[in-house]
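Enquirer: Whatever this is, show me its structure:
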Amino acid sequence: MELSNPLTVWLVLGLLLMLAEIIIPGGIVILLGAACLLVASALAVGIIDGLVQSLTLWFMASMVLLLSFRHITQRLVGGDSHVDNTDEETDLYNQVAIVKQTIGPGQQTGRISCLGSDWTALGDGSVIKEGTKVRIICRDNIAFVVEPIIDSV
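Expert: So this is what the prediction gives:
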């Protein structure tokens, strides 16, 4: 087996790509390797001859294999397919916070602490004293609007 033989090159490349699937999981590289083996088979049988035909067959076989079997390899390999919230502020709504600096009266802002960070906050117009538990209900410009949590006994 000499390395200048196109058949050998396609076989070795196909096997290397298929083995690379162990290092680069995802189900794509193994299909590209299978397309290389298909090209090597076509060269061995004599269906194609030359670099241009080999590359054309590899490209077409790769596309067909990827479009046909990607969903199968994705199911077998798995992967992370969840979608996280891209707006971090949405996670803060309805959270309980502690007033760090008195809020109010009127439109006077104060500070709240929530999830390890301090934020500017507005109240409902009344005075909300330091240490009070509040709930974040919305955002007004750069400040969160909060309401005091009334503990029911």
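Enquirer: number of nearby residues for C138?
Expert: 11 (other C-beta atoms under 10 Å). Placement of C-beta: from N, CA and C, glycine included.
Enquirer: Could you check stretch 119-132 and say which residues are buried?
Expert: For stretch 119-132, a neighbour-count test (16 or more other C-beta atoms under 10 Å) marks 119, 121-123, 128, 132 as buried.
Enquirer: Now do the SS call for L57.
Expert: helix (DSSP: H, G, I helix; E, B strand; the rest coil).
Enquirer: how about low-confidence regions in the chain?
Expert: For the chain, the stretches with pLDDT under 70 are 1-3, 74, 76-89, 152-153.
Enquirer: need the helices for it, in chain order.
Expert: Applying DSSP state H to the chain gives helices spanning 6-23, 29-45, 51-77, 88-92.
Enquirer: What residues sit buried inside the longest one?
Expert: Judged by neighbour count (16+ other C-beta under 10 Å), helix 51-77 contains these buried residues: 54, 57-58, 61-62, 65, 73.
Enquirer: repeat for the first one
Expert: If you call a residue buried by 16+ other C-beta under 10 Å, then helix 6-23 has these buried ones: 7, 9-11, 13-14, 17-18, 21.
Enquirer: What strands line up against the longest strand seen in the chain, and which way round?
Expert: Of all the segments of type strand in the chain, defined by DSSP state E, the longest one is strand 133-140. The strands beside strand 133-140 in its sheet (DSSP bridges) come out as strand 96-101 (antiparallel), strand 143-148 (antiparallel).
Enquirer: Distance of the residue nearest to I72 when sequence neighbours are not counted relative to V146?
Expert: Nearest residue to I72, sequence neighbours excluded (C-beta to C-beta, 6 or more residues apart in numbering): G27, at 7.8 Å. Noted for G27: a distance of 48 Å to V146, by C-beta to C-beta, to the nearest Å.
Enquirer: Show me which of the two is the more surrounded one.
Expert: Higher neighbour count among G27 and V146: V146, with 27 against 20, using other C-beta under 10 Å.
Enquirer: I figured that one was touching K133, is that so?
Expert: No: counting by C-beta atoms under 8 Å, V146 sits too far from K133 to count as a contact (9.7 Å).
Enquirer: which neighbours do these two share?
Expert: Residues touching both V146 and K133 by C-beta atoms under 8 Å, 6 or more residues apart in numbering: 97, 99.
Enquirer: returning to that earlier point: list of residues touching the longest strand of the chain?
Expert: Outside of strand 133-140, the residues within contact range by C-beta under 8 Å, 6+ apart are 89, 92-99, 103, 112, 114, 121-123, 128, 144-149, 151.
Enquirer: Having no further points to raise, I will conclude here.
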